[in-house]
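A.B. asks: Sequence isn't available, so here's the structure alone:
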């Protein structure tokens, strides 16, 4: 079995065929699904899906792009739900920054404040974090080393920065998705063998980052099979071993 630890099934692109998407994934051996709380606007849809389907879970959090609208009070109405397994998707994203240095400094300040609040919130609730790291490894590493709780979390769509491997000692896991199958993913392919096997998770980030050979299409949880196949190829473990160990890791982190 496989667990898709990061799939945005609350996205509008699944509105008309969510049932068949889940059925196709289950036919491929996908056992559970986690919808990360990246957008408060679609959070209610994530909750609805978790209540409708036994295999679907969700997290609550705010993506760094939405940091200026962060409202923890709103999120607190959902965090006690029995199928809420984590805090996030939260983190830092410096990929699209404003033009002036003053604006850049302000944007980073806001993102860091919101990220820190979610780190401490997760720590107080004893829930793991789902962390988004883009062009911000140094700051994320510093904040997580200083403030994250023993529950740790997952570095979603692990960006192959070797410095972040230090976080394995703080109970952080590494989400591996479709990027591993890309022809230009040389850095991730080279770093992959250095990730502790007991810290590997499988994800899709569906509907984004669709793996080869389906690039250009809407991503789906059933495509975790292509990720597992590539992980198997790079590690020397069988497909079944990869599926088993990543599932055990997900159970351990998220406490299903």
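C.D. replies: In hand now; what should we look at? All of these numbers come straight from a predicted model, not from anything done at the bench.
A.B. asks: In terms of pLDDT, where does residue 98 sit?
C.D. replies: pLDDT for residue 98: 85.
A.B. asks: Then residue 39?
C.D. replies: Per-residue confidence at residue 39 stands at 84 (pLDDT).
A.B. asks: Tell me how far it lies from residue 252.
C.D. replies: Here residue 39 is placed at a distance of 28 Å from residue 252 (CB to CB, to the nearest Å). For glycine as for every other residue, the C-beta is placed from the backbone atoms N, C-alpha and C.
A.B. asks: So between the two, which is more surrounded?
C.D. replies: Counted by other CB atoms under 10 Å, residue 39 and residue 252 do not tie: residue 39 has more neighbours, with 19 against 14.
A.B. asks: Grab the nearest non-local neighbour of residue 7.
C.D. replies: residue 206 (4.3 Å; CB to CB, 6 or more residues apart in numbering).
A.B. asks: pretty sure that neighbour is touching residue 5, no?
C.D. replies: No. In terms of CB atoms under 8 Å, residue 206 does not count as a neighbour of residue 5; the distance is 11.4 Å.
A.B. asks: Just want to know which of the two has more residues nearby.
C.D. replies: residue 5 (32 against 28).
A.B. asks: My understanding was that that one contacts residue 250; is that so?
C.D. replies: Yes. Using CB under 8 Å, residue 5 makes contact with residue 250 at a distance of 5.5 Å.
A.B. asks: what touches both of those two?
C.D. replies: Common contacts of residue 5 and residue 250 (CB atoms under 8 Å, 6 or more residues apart in numbering): 201, 202.
A.B. asks: can you give me the helices for the stretch 151-256 of the chain?
C.D. replies: 186-191, 224-235, 239-254 (DSSP state H, counting those that start in this stretch).
A.B. asks: Which positions within the last one qualify as buried?
C.D. replies: It refers to helix 239-254. Applying a neighbour-count criterion of 16 or more other CB atoms under 10 Å, one finds 242, 243, 245, 246, 247, 249, 250, 253, 254 buried in helix 239-254.
A.B. asks: Most widely separated two among those?
C.D. replies: Maximum pairwise distance in the buried residues of helix 239-254, criterion CB to CB, is 18.2 Å, between 242 and 254.
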